[in-house]
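[1] take a look and give me a structure for this.
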Amino acid sequence: MTKILEISGVRIPYDDSIITPKIARSIEKGRYENDEVTGTPKFIKPDDRVIELGAGIGFISTFIATSLGVKNVMCVEADPNLCKFIRTVHKENGVTTAEVRNVVALNDAGGVGTIDFYVREPFWSSSLDGEDEYVKSVEVQTIHLSSLIKEFNANTLIVDIEGGERDLFSPLDLTGIDKVFLEIHTRKIKRIGIKMCFDALSDCGFAYDQQVSRGGSVLFRRIPKWQLKAHASDKG
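    Here you go, the predicted structure:
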């Protein structure tokens, strides 16, 4: 019988090809994705339509489905092995309405096709950056994130893509999105990358939410149009 790890009410099968000892310790000690577990209940509503970029082992999608009552979630993950594991975790926890896509979501610049994704251990170090040592590379289909947003009628993004956040939001049509919960990987993108993220989201009409943001996990909320108009009038 497969050993089961449990955290925040989510049951995770202990597949040692995915769950390394380091990941297992993080789960067993209750530290795994702690900022997301603490932050998401403060802004996620049951009727939200959530796209999660960098879905990992399916923990957050399962958590918001089972603990927060979210029925509409799309998991976007580049590693095909993790996509299979996400489906296993969903099944183990009775999550039947989540969708899993094995693609890389990009901004609106240029066309789509395929891209090399570099798999590392632990899995959370995998990325589109091939400069550091990696276990293997896999060729993954790409898609414009704006197309996924429109297709899924999403209003919320959860983003944890190991440095890919630097270029994700410019240019990007975020029509329909009200909330962006973003994990910032300062080691990968440096301060200039943080500025690029904040500037791009500000240009799209979003503002930093101090009440929910914690450490590197940052929530941006869309500013109501009437407030933007009032601000523009005051400046004029």
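[2] what's the burial count for residue 141?
    13 (other CB atoms under 10 Å). Every residue, glycine included, has its C-beta placed from N, CA and C.
[3] then residue 153?
    9.
[4] who are the neighbours in contact with it?
    Taking CB atoms under 8 Å, 6 or more residues apart in numbering as the criterion, residue 153 is in contact with 49, 176.
[5] for residue 224, see how far away the residue lying closest to residue 81 once chain neighbours are set aside is.
    Sequence neighbours aside, residue 18 is the residue nearest to residue 81 in space, at 6.9 Å (criterion: CB to CB, 6 or more residues apart in numbering). Separation of residue 18 from residue 224 (CB to CB, to the nearest Å): 42 Å.
[6] comparing these two, which residue is more hemmed in?
    Taking other CB under 10 Å, residue 18 and residue 224 do not tie; residue 18 has more neighbours (22 against 11).
[7] and that one, its phi and psi?
    The phi and psi values for residue 18, taken as degrees, to the nearest 10, are phi -120, psi -50.
[8] residue 194 is in contact with residue 186, correct?
    Yes: under the criterion of CB atoms under 8 Å, residue 186 makes contact with residue 194 at 6.6 Å.
[9] who's more crowded, the two?
    The residue with more neighbours, out of residue 186 and residue 194, is residue 194; 17 against 11, by other CB under 10 Å.
[10] tell me which helix or strand the more buried one sits in.
    Assigned by DSSP states H and E, residue 194 belongs to helix 186-203.
[11] so what touches that helix?
    127, 129, 162-163, 165-170, 172, 180, 182, 184, 208, 216, 220.
[12] filter those residues down to the buried ones.
    Neighbour-count burial (16 or more other CB atoms under 10 Å) applied to those gives 127, 162-163, 165-170, 172, 180, 182, 184, 220.
[13] can you pull out the strands in the chain?
    4-7, 10-13, 49-53, 72-76, 99-101, 104-106, 114-119, 136-144, 156-159, 179-183, 206-214, 217-222 (DSSP state E).
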